[in-house]
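In: Sequence first, predicted model second:
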Amino acid sequence: SVVRNALFCLETAANQKENHVYTKALLAYAFALAGNREKRKALLDSLEKEAVRKDGSVHWQRPGKEPEAELPYHRSRAPSAEVEMTAYVLLAHLTSQPAPAQEELSSAALIAKWISSQQNPNGGFSSTQ
């Protein structure tokens, strides 16, 4: 009953008209883990509309964030919250029953490309989160 109540709470949150992109990413992954394919797909479809496509990769960022200045010899890394929410979207794509379809794997590859570009020279990220 505890899990059922928790899922009901998450469904209520997912049905709100205005959800933050970070919240949608977490909800998509939670519904993927719960096996709720319809909610997972609806959230991923909504997230797809907010995706940032650049240099053959896909990621998500917080609304209202200022665009990064393009500098010729410097590539800044995204804040850890953006790496984290993009990683949750990736997990939501890959956590599906049955196994992810080819289309989802293609999307996942573009997301993974962006995440790997955020690694620092030691292979880590800007945060341990």
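Out: On my side now, so go ahead.

In: Burial check on residue 39, number of neighbours?
Out: By other C-beta atoms under 10 Å, the residues close to residue 39 number 20. Using the backbone N, CA and C atoms, a C-beta is placed for each residue, glycine as well.

In: Distance check, the spatially most central residue of the chain against residue 13.
Out: Among the residues of the chain, the one closest to the centroid is residue 89, at 2.5 Å (C-alpha atoms, centre = their mean). Separation of residue 89 from residue 13 (C-beta to C-beta, to the nearest Å) stands at 17 Å.

In: now do residue 30
Out: On the measure of C-beta to C-beta, residue 30 and residue 13 end up 10 Å apart.

In: Which residue of those two possesses the greater neighbour count?
Out: With neighbours defined as other C-beta under 10 Å, residue 30 and residue 13 compare such that residue 30 has more, 21 against 14.

In: Secondary structure element holding the more buried one?
Out: Assigned by DSSP states H and E, residue 30 falls within helix 21-34.

In: same for that helix, what does it pack against?
Out: helix 2-14, helix 37-49, helix 80-94 (3 or more C-beta pairs under 8 Å, 6 or more residues apart in numbering; DSSP states H and E).
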